[in-house]
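Asker: the following comprises the amino acid sequence and a computationally predicted model.
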Amino acid sequence: MNIHKFFRKRLNFWKEKRMKTEDLLILIIIILLLGSAIHMERMDLYCPQGPDTVDRSLCRDGNGKGLFQTLPRKEDSLSETVQKISRLADAITGRVKWRVSFIGAVLTAFLLNLLLFSEIDWRRLGVTIIIEFLAFYLLLSFYDVHYFEHISRNLHHSAQHITNLTRGSY
């Protein structure tokens, strides 16, 4: 089968039949949630205060909510460096899992429905998104609890240990 005909057949759903009101509602909800999730995720990844960032000139790669001013500088004191390590430890577990899960679920559900079925059924797509969202969310939560929480906790303990060593608490 020609790839052009394959996609044209699947993406011409609006020409072959009229969308029902329920299908249109599902599509609108998916688009609004996806747009909101992508916008918020980009703001958290690139802007220091996330969506609350007033000065958008600060928004760039590596300057997001969890990373803002955490790179050690030569003039930083030991306590400032320890605080930066602690903030980075918080950033490891401070991810918003539902947004990443939803974005991944929408993309994979759309691709699966596009490749496996001859036309897009919006109800089936909605159910697929919910199932995939739960799968992604549970997977991310599992790794947060059983892996990233331990990294964060160990970094916090290491930072506290460095502080205690410098104060002579041991």
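Answerer: Received, thanks.
Asker: hmm, which helix or strand of the protein has the shakiest average pLDDT?
Answerer: For the chain, counting by mean pLDDT, DSSP states H and E, helix 13-16 ranks last in confidence among helices and strands (a mean of 52).
Asker: chain neighbours aside, what residue packs nearest to Arg124?
Answerer: Computed as CB to CB, 6 or more residues apart in numbering, the closest residue to Arg124 that is not its neighbour in sequence is Asn113, at 6.5 Å. For glycine as for every other residue, the C-beta is placed from the backbone atoms N, C-alpha and C.
Asker: what's around that neighbour, how many residues?
Answerer: Neighbours of Asn113 under the rule other CB atoms under 10 Å: 18.
Asker: quick one, helices of the protein?
Answerer: With DSSP state H, the ranges of helices along the chain come out as 3-11, 13-16, 21-46, 78-93, 97-116, 122-143, 149-167.
Asker: Arg56 is nearest to which of those?
Answerer: Smallest distance to Arg56 across the helices of the chain (CB to CB): 9.4 Å, for helix 21-46.
Asker: least reliable of the helices of the chain going by mean pLDDT?
Answerer: Note on the helices of the chain: helix 13-16 shows the lowest mean pLDDT, a mean of 52.
Asker: find the nearest non-adjacent residue to Thr163, please.
Answerer: Distances taken as CB to CB, 6+ apart put Val82 closest to Thr163, at 5.5 Å, once the chain neighbours are dropped.
Asker: kindly report the same for Thr70.
Answerer: Per CB to CB, 6+ apart, closest to Thr70 is Lys84, 4.6 Å.
Asker: who are the contact partners of the one you found?
Answerer: For Lys84, the contact set (CB atoms under 8 Å, 6 or more residues apart in numbering) comprises Gln69, Thr70, Leu71, Pro72, Asp76.
Asker: which ones are touching the nearest residue to Ile130 once chain neighbours are set aside?
Answerer: Leaving aside its sequence neighbours, Ile130 sits nearest to Ala105 (CB to CB, 6+ apart; 7.8 Å). For Ala105, the contacting residues are Thr128, Ile129, Ile130, Glu132, Phe133, Ala135, Phe136, by CB under 8 Å, 6+ apart.
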